[in-house]
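Novice: Structure of the sequence below:
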Amino acid sequence: MQPALDFLTANPVTFFATAAEGNIPKVRPILFCFEENGVLWFCSARSKNFWKEMKSNPQIEFSSFDGNRWIRVSGTVTFDDNLEIKTKILKTYENIRAIYQSPDNPEFVSFCLEHWNATLYSFTDPPVSFSR
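Specialist: Next up is the predicted model:
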């Protein structure tokens, strides 16, 4: 599992796929915020279609790429509007802090993947899979 976590930490811009209305996939870049005890944390805004799509269908998949290797991660989103997590996100990311300013901003939401499957791929090595 650690190689997958190290890859995400080094390549935090992910391309996150959700199922929109009519189960049409939508992909957008989302920042992987951090990992804590094997749980992958992210944030968004309540008003975004992204958030509404995950509330409607919490099954997601995302990918990140470093130019030679890439990771594909799938799982079910857990909605956890955790003030401690949101405080950590705001302390870590100035650009997110500039948008939401406070962990108790009702627009600012955190969510996670508690259980996930990941596969690391490369152009030269066989895939390696991990689960939590």
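Novice: where does the nearest residue to residue 32 once chain neighbours are set aside fall, phi/psi-wise?
Specialist: With Cβ to Cβ, 6 or more residues apart in numbering as the measure, residue 12 is the residue that lies nearest to residue 32, at 4.4 Å, once sequence neighbours are left out. Any C-beta I mention is one placed from the backbone N, CA and C, and that applies to glycine too. Residue 12 adopts backbone torsions of phi -80, psi -10, taken as degrees, to the nearest 10.
Novice: list the contacts for residue 72?
Specialist: Neighbour list for residue 72: 61-63, 118-119, 121 [criterion: Cβ atoms under 8 Å, 6 or more residues apart in numbering].
Novice: Note down every partner strand of the strand or helix carrying residue 109 and its orientation.
Specialist: Per DSSP states H and E: residue 109 is located in strand 108-122. In the sheet, strand 108-122 lines up against strand 39-45 (antiparallel), strand 69-79 (antiparallel), strand 128-131 (antiparallel) (DSSP bridges).
Novice: Pick the most deeply packed of those.
Specialist: Most buried of the strands paired with strand 108-122, by mean neighbour count (mean count of other Cβ atoms under 10 Å): strand 39-45, with a mean of 20.
Novice: Can I get that strand in PDB? Just the C-alpha atoms.
Specialist: Presented in PDB, the C-alpha positions along strand 39-45 are these (Å, rounded to 0.1, in the frame of the first residue of the first chain):
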ATOM      1  CA  VAL A  39      -7.700   6.800   4.400                       C
ATOM      2  CA  LEU A  40      -7.400   9.100   1.400                       C
ATOM      3  CA  TRP A  41      -8.800  12.600   1.900                       C
ATOM      4  CA  PHE A  42     -10.200  15.200  -0.500                       C
ATOM      5  CA  CYS A  43     -12.300  18.300  -0.400                       C
ATOM      6  CA  SER A  44     -14.900  20.100  -2.500                       C
ATOM      7  CA  ALA A  45     -17.800  22.600  -2.300                       C
END
